[in-house]
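Enquirer: just a sequence and a predicted model for now, questions to come.
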Amino acid sequence: MKRTRVAAVAGLLAVATLLPGCGSGGGQGGALGGNGVEHVVFWGWAKGTKQVVDAFNRSHKDIQVTFEEIPSGNAGGYAKFANAVKAGNAPDLMSVEYPQVPDFVTQGALRDITAETAGLEARYPASVFSLVKLGGKTWSVPLDAAPQVFIYRRDLFEKNKIEVPKTWDDFKKAAEKVKKADPGARIGSFHPDDPNLLATYAWQAGARWFGSDGGSWKVTIDDEPTKKVAAYWNDLIKNDLVKVQPTFSQEWIASIAADQVWGYLGANWAAGMIKTNNAPQSGKWAVAPAPNWGTPASGMFGGTTYAVSKDSKHAKAAVEVAEWFTGTPEAWTARLGSGTSSAFPAVADLVPVAAKTFDTGFYGGQDIYGVFTEAYRTIQPGWTWGPSMVQVLTSFKDRLGGVPTGATTVPDVLTAVQSDTVNEIKGRGLAVNP
């Protein structure tokens, strides 16, 4: 198949997109059924999605959604989608997290939906919507934002007279106190298999891993803010102040159940997960802003968008579905009413709906959406994801596993991933200026 390279540059972002010279024409996407009903095929995995799809199908007669729940992106979902695009049987609509949007755009897997989303941008903060715009075009519809928070065992902190840390210096001191209070317990965990968290810490610290330099990608994964973050976490690991555990593993879940992990540094969506997995600890947990470097700030850990596959013959209907999923009170009531999701709407005027719907009994009735909102307002602007994030995250994951054994350090991992990423982008035929 003949391919044509198209280069586009917008603001701080330079994106080169590979666009197939011909369409497959044989996709799995929706089709017009009986009585003129348009069928949209949707793949996703976010908590509460089935309930949202059911609510949409009950309230719409002209469009119906066929939902296939797939593994989360990094657990196989993205590979499944990429293979389906190549085979010409991709779904019409697909869950794509913010970091992976540029990657799929540069692969030519997504459809430009600028025309179908005209006027939508005004509903979102620029710091969020900019993550789905590349080359001046819109490629996806944001569902949620994922600001950093600290979810912690309020009862254990209060019992041992440990203050909730406000800064990263405070966090280290609190970590030392937790270890002293219970030698088998730690304030939190470092997850070597989840470099998205490291990216979030770097974002919060003011890092800028990707940008543009003229018409080239600029890669600075080993910039000074990220080096500061890397040295900090390397020190916590070296001094045994955090547990080193696979993310969301049975080991980690068991540690929480046994009162051996007293907190989780992540995003708002983890509140629903912790609630679901730890029912016997209801009323013992609370949420606070994440520690900072001296000024309130947040990065984003994850966050979901909905993208239309390049060969979808029902782009307009797929975008209509995406806008309903992301931007209506009915959709958010269905999602959070499932009891499994604590997602935070990227559309700010829907936050009161989410706050009213989520049952905060597990958190002692705390207004956790008030904390999420506070964190959302401090998300550092200007962050850009790069064109090879699957490679970036894989490179991090492959190397971070050597940190606990002393085979490498977190700062050394940065240097290696920086080199890997520059080589990957060059290998794709894109201009890069490290």
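Expert: Happy to help now that I have it. Residues are numbered from 1 along each chain as shown.
Enquirer: right, and residue 309 touches residue 90 too?
Expert: Yes: in this structure residue 309 lies within contact range of residue 90 using CB atoms under 8 Å: 3.9 Å. (Each C-beta comes from the backbone N, C-alpha and C, glycine too.)
Enquirer: how about the residue positioned nearest the centre of the chain: what's its closest non-neighbour residue?
Expert: The centroid of the chain falls nearest to residue 302 when counting by CA atoms, centre = their mean (1.0 Å). Leaving aside its chain neighbours, residue 302 sits nearest to residue 146 (4.6 Å; criterion: CB to CB, 6 or more residues apart in numbering).
Enquirer: ok, that neighbour to residue 425 distance?
Expert: In this view, residue 146 and residue 425 are 25 Å apart by CB to CB, to the nearest Å.
Enquirer: between the two, which has more neighbouring residues?
Expert: Legend: neighbour count by other CB atoms under 10 Å for residue 146 and residue 425, higher for residue 146 (30 against 25).
Enquirer: the more buried one and residue 120: what is the separation?
Expert: Taking CB to CB, one finds residue 146 at 19 Å from residue 120.
Enquirer: just to revisit the earlier point, the residue nearest to the centre of the chain reaches residue 270, doesn't it?
Expert: No: using CB under 8 Å, residue 302 makes no contact with residue 270, being 9.4 Å away.
Enquirer: put the alpha carbons of the host helix or strand of residue 287 into PDB.
Expert: Following DSSP states H and E, one finds residue 287 within strand 285-289. Extracted in PDB, the C-alpha atoms of strand 285-289 (Å, rounded to 0.1, in the frame of the first residue of the first chain):
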ATOM      1  CA  TRP A 285      -9.500   6.300  54.100                       C
ATOM      2  CA  ALA A 286      -9.300  10.000  53.000                       C
ATOM      3  CA  VAL A 287      -8.000  12.000  50.100                       C
ATOM      4  CA  ALA A 288      -5.600  14.900  50.100                       C
ATOM      5  CA  PRO A 289      -3.800  16.900  47.400                       C
END
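Enquirer: off-centre distance for that strand?
Expert: 20 Å (CA atoms, centre = their mean, to the nearest Å).
Enquirer: mind giving me the packing neighbours of that strand?
Expert: Judged by 3 or more CB pairs under 8 Å, 6 or more residues apart in numbering; DSSP states H and E, strand 285-289 is in contact with strand 148-153, helix 270-277, helix 368-377.
Enquirer: how about 10 Å then?
Expert: Secondary-structure packing of strand 285-289 (3 or more CB pairs under 10 Å, 6 or more residues apart in numbering; DSSP states H and E): strand 148-153, helix 154-159, strand 263-267, helix 270-277, helix 368-377.
Enquirer: dump those into a markdown table; add distance to residue 230 as well.
Expert: Putting these into a markdown table (distance: least, CB to CB, whole Å) gives the following:
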| stretch | distance to residue 230 |
| --- | --- |
| strand 148-153 | 17 |
| helix 154-159 | 27 |
| strand 263-267 | 15 |
| helix 270-277 | 22 |
| helix 368-377 | 23 |
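Enquirer: turn these into JSON lines, including mean neighbour count.
Expert: As requested, these are exported to JSON lines (neighbours: other CB atoms under 10 Å):
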{"stretch": "strand 148-153", "mean neighbour count": "25"}
{"stretch": "helix 154-159", "mean neighbour count": "17"}
{"stretch": "strand 263-267", "mean neighbour count": "26"}
{"stretch": "helix 270-277", "mean neighbour count": "20"}
{"stretch": "helix 368-377", "mean neighbour count": "21"}
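Enquirer: and the ones you listed: which comes nearest residue 130?
Expert: Proximity to residue 130, assessed across those by CB to CB, is greatest for helix 368-377 (14.9 Å).
Enquirer: and the gap between the residue nearest to the centre of the chain and residue 92?
Expert: Taking CB to CB, one finds residue 302 at 23 Å from residue 92.
Enquirer: again with residue 358
Expert: Applying CB to CB to residue 358 and residue 92 gives a distance of 30 Å.
Enquirer: please apply the same query to residue 328.
Expert: 19 Å.
Enquirer: for residue 206, give me its contacts.
Expert: By CB atoms under 10 Å, 6 or more residues apart in numbering, the residues touching residue 206 are 223-226, 228-229, 293, 295, 297, 299, 380, 382-383.
Enquirer: need those in JSON lines (columns: secondary structure and distance to residue 194).
Expert: Listed next are the contacts of residue 206 as JSON lines, based on DSSP: H, G, I helix; E, B strand; the rest coil; distance: CB to CB, whole Å:
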{"residue": "223", "secondary structure": "coil", "distance to residue 194": "21"}
{"residue": "224", "secondary structure": "helix", "distance to residue 194": "23"}
{"residue": "225", "secondary structure": "helix", "distance to residue 194": "20"}
{"residue": "226", "secondary structure": "helix", "distance to residue 194": "16"}
{"residue": "228", "secondary structure": "helix", "distance to residue 194": "20"}
{"residue": "229", "secondary structure": "helix", "distance to residue 194": "15"}
{"residue": "293", "secondary structure": "coil", "distance to residue 194": "21"}
{"residue": "295", "secondary structure": "coil", "distance to residue 194": "26"}
{"residue": "297", "secondary structure": "coil", "distance to residue 194": "21"}
{"residue": "299", "secondary structure": "coil", "distance to residue 194": "14"}
{"residue": "380", "secondary structure": "coil", "distance to residue 194": "20"}
{"residue": "382", "secondary structure": "coil", "distance to residue 194": "23"}
{"residue": "383", "secondary structure": "coil", "distance to residue 194": "18"}
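Enquirer: roughly how far does residue 382 sit from residue 148?
Expert: 16 Å.
Enquirer: wasn't the residue nearest to the centre of the chain part of a helix?
Expert: No: if the criterion is DSSP: H, G, I helix; E, B strand; the rest coil, then residue 302 is coil and not within a helix.
Enquirer: ramachandran angles for it?
Expert: In terms of degrees, to the nearest 10, the main-chain angles of residue 302 are phi 90, psi -150.
Enquirer: need the contact list for it.
Expert: Residue 302 neighbours (CB under 10 Å, 6+ apart): 46, 72-73, 97-99, 144-146, 194, 196-197, 199-200, 266-270.
Enquirer: could you check the pLDDT of it?
Expert: pLDDT, residue 302: 92.
Enquirer: one more: the one 3 residues further on?
Expert: Reading off the per-residue confidence, residue 305 sits at a pLDDT of 98.
Enquirer: name whatever forms a beta bridge with it.
Expert: residue 96, residue 142 (DSSP bridges).
Enquirer: could you do residue 153 as well?
Expert: residue 285.
Enquirer: and the gap between it and residue 183?
Expert: 17 Å.
Enquirer: mind telling me what element residue 420 is part of?
Expert: helix 410-427.
Enquirer: elements contacting that helix?
Expert: By 3+ CB pairs under 10 Å, 6+ apart, helix 410-427 packs against helix 195-204, strand 216-219, helix 224-238, helix 389-400, strand 432-433.
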